[in-house]
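Student: Structure for this input, please:
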Amino acid sequence: MTEIPVARPRSEPGFAEFVAMMALLMALTALSIDVMLPALPYMRAELAVADPNSQQLVIVSYVVGFAAGQLFQGPLSDIFGRKPVLLIGLAVYALASFACVVAGSFETLLAARLVQGLANAAPRVVAVAVVRDLYGGRRMAEVMSFIMMVFIVVPVIAPTVGSAFLLVGSWHLIFVALCVITLVALVWTSLRLPETRPPEARDPLSLAWLGAAFRQVVSTRLTLGYTLATGAIFGALIGYINSAQQVFVEVYGLGALFPVVFGLVACAIALASFLNSRLVMRLGMRKISHAALLGFVGVSLVHLLVEALFGQPPLPVFLLMLALALFCFGLLMPNFNAIAMEPMGRVAGTASSFVGCITTAVAAVIGFVIGHYFDGTVVPLVAGFAGCGLLALLVVLVTERGRLFGQGV
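Tutor: Next up is the predicted model:
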């Protein structure tokens, strides 16, 4: 499948604008997480939170809401169209960001972050569904790689931006900026994004339809298997994000250099996404992603062995091993997502909801466990990477009936 005909307005975005628009919608999630990292200790201090590890709940509460929100945003976009669901989600996210600005307690902040996650599920789900509406197979993986290349700029610069806000004001400015960015996305998409789910392709709202759509998703071996594998690998990333500030600042003493180092390491994902966009049409999604999964497992196990034999590795060694793992992650994610979504053309919105909800929920639990066990060393993080990689490999082997590098997409 190359392209699905849809009703389009006379004026529509070109490919570059489309990629930038989808990247912004998906990047709102990364921005909502990564820009917070330098500010977490300040939030904890101002809101009188005693336990240092409790600051991670600012991230976890958002991720939990994000996972739950994805469960229903996709079916709604299948039934009512992509744009209405997207625009309402962006509007609610902007309101929740303002609630974070005026939050007077840690509990209120966490509640507002939960709503942020619920609302921001709409841009993520709709972006993936729109790409699937328009593209399929390797072409979808190629498009997702381009989107990932733009998307990855956000975690590269977000911690630095967060630090800049702390220099000129307080952590409240971060949420003001999120509110403004979301309003920009709201106006841009309302004016330029075509509706890719035309009325004739929609189904009437009914429990029977929703049940049938979800049954199709969960009974499709590739979709279910690669969704679970993606969740395991994504859990490693969430664990890294949860504990990154503590690892780089408390373990390695980087201080103000933390945002810079965090961004440089994230460039490995951008490089991998670019490489994937150049190779996926020729090699296919399975060959690239399976090789990357084996690489992720191998690097993580070597990293864990180095830690076990020699103790805490020097910063250059830690950064090298981390960058190699994230490079493999960058090759995995667009391909695993595309393989999971490939059979789901008719119910792309519902499938996007399921894939996003399960991957985020699994990742949130795994990431919370990895971050919660931070003990002043990098051992929990490194062990978490190795465990997540092995779990994902097991799931892929079961899904592919013991065969890697198979034929097909």
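Student: so G263 touches G162, yeah?
Tutor: No. Using Cβ atoms under 8 Å as the test, G263 is too far from G162 to be in contact (11.1 Å). In this view, the C-beta of every residue, glycine as well, is placed from N, C-alpha and C.
Student: Which helix in this structure has the most residues?
Tutor: helix 106-134 (DSSP state H).
Student: Now that helix: buried residues?
Tutor: For helix 106-134, burial by neighbour count (16 or more other Cβ atoms under 10 Å) applies to 106, 109-134.
Student: go on, stretch 134-148?
Tutor: Here stretch 134-148 shows 134-148 as buried, counting by 16+ other Cβ under 10 Å.
Student: can you check stretch 242-254 too?
Tutor: For stretch 242-254, by 16+ other Cβ under 10 Å, it's N242, S243, A244, Q245, Q246, V247, F248, V249, V251, Y252, L254.
Student: cool, stretch 385-398 as well?
Tutor: Buried residues in stretch 385-398 (16+ other Cβ under 10 Å): F385, A386, G387, C388, G389, L391, A392, L393, V395, V396, L397.
Student: Put together a markdown table for the residues you listed, with pLDDT on each row.
Tutor: Shown next, in a markdown table, are the buried residues of stretch 385-398 (pLDDT from 0 to 100):
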| residue | pLDDT |
| --- | --- |
| F385 | 96 |
| A386 | 96 |
| G387 | 96 |
| C388 | 96 |
| G389 | 96 |
| L391 | 96 |
| A392 | 96 |
| L393 | 96 |
| V395 | 95 |
| V396 | 95 |
| L397 | 95 |
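Student: In helices, which of these fall?
Tutor: Using DSSP H, the buried residues of stretch 385-398 in helices are F385, A386, G387, C388, G389, L391, A392, L393, V395, V396, L397.
Student: and the residue lying closest to V218 once chain neighbours are set aside, how many residues sit next to it?
Tutor: For V218, ignoring the flanking residues on the chain, the nearest one in space by Cβ to Cβ, 6 or more residues apart in numbering is L224 at 5.7 Å. L224: 18 surrounding residues under other Cβ atoms under 10 Å.
Student: and the one helix or strand V261 maps to, how far out from the chain's middle?
Tutor: Using DSSP states H and E, V261 falls within helix 258-283. With Cα atoms, centre = their mean, to the nearest Å as the basis, helix 258-283 stands 14 Å off its chain's centre.
Student: what ranges of the stretch 151-300 of the chain fall below the confidence cut-off?
Tutor: By pLDDT under 70, the low-scoring segments of the stretch 151-300 of the chain are 151-153, 155-156, 203-206, 209.
Student: Which residue ranges of it form helices?
Tutor: Secondary structure of the stretch 151-300 of the chain (DSSP state H, counting those that start in this stretch): helices located at 153-168, 172-192, 207-218, 221-246, 258-283, 285-310.
Student: Make JSON lines from the ones you listed and add distance to A20 to it.
Tutor: Converted to JSON lines, the helices of the stretch 151-300 of the chain look like this (distance: least, Cβ to Cβ, whole Å):
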{"stretch": "helix 153-168", "distance to A20": "11"}
{"stretch": "helix 172-192", "distance to A20": "9"}
{"stretch": "helix 207-218", "distance to A20": "29"}
{"stretch": "helix 221-246", "distance to A20": "23"}
{"stretch": "helix 258-283", "distance to A20": "15"}
{"stretch": "helix 285-310", "distance to A20": "23"}
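Student: A91: which of those helices is closest?
Tutor: helix 172-192 (6.4 Å; Cβ to Cβ).
Student: who does that closest one touch, helix- and strand-wise?
Tutor: Packing contacts for helix 172-192, counted by 3 or more Cβ pairs under 8 Å, 6 or more residues apart in numbering; DSSP states H and E, involve helix 15-34, helix 82-101, helix 153-168.
Student: Tell me what angle it forms with helix 15-34.
Tutor: Helix 172-192 runs at 150 degrees relative to helix 15-34, counting by axes from the mean of the first three to the mean of the last three Cα atoms, to 10 degrees.
Student: got the CA positions of helix 172-192 in CSV?
Tutor: The C-alpha trace of helix 172-192 is given here as CSV (Å, rounded to 0.1, in the frame of the first residue of the first chain):
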residue,chain,number,x,y,z
HIS,A,172,6.4,28.4,36.3
LEU,A,173,7.7,29.9,33.1
ILE,A,174,8.2,26.4,31.6
PHE,A,175,4.4,25.8,31.8
VAL,A,176,3.7,29.3,30.3
ALA,A,177,5.9,28.3,27.4
LEU,A,178,4.1,25.0,27.0
CYS,A,179,0.8,26.8,26.9
VAL,A,180,2.0,29.2,24.2
ILE,A,181,3.5,26.5,22.0
THR,A,182,0.3,24.4,22.3
LEU,A,183,-1.7,27.4,21.1
VAL,A,184,0.6,27.9,18.2
ALA,A,185,0.1,24.2,17.3
LEU,A,186,-3.7,24.6,17.7
VAL,A,187,-3.8,27.5,15.2
TRP,A,188,-1.4,25.9,12.7
THR,A,189,-3.2,22.6,12.5
SER,A,190,-6.7,24.2,12.4
LEU,A,191,-5.6,26.2,9.4
ARG,A,192,-3.4,23.8,7.5
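Student: Buried residues, that helix. List them.
Tutor: Buried residues in helix 172-192 (16+ other Cβ under 10 Å): 172-175, 177-179, 181-182, 185-186, 188-189.
Student: ok, the nearest residue to P343 once chain neighbours are set aside to A229 distance?
Tutor: The spatially closest residue to P343, leaving aside those adjacent along the chain, is T220, at 5.2 Å (Cβ to Cβ, 6+ apart). For T220, the distance to A229 equals 14 Å [Cβ to Cβ, to the nearest Å].
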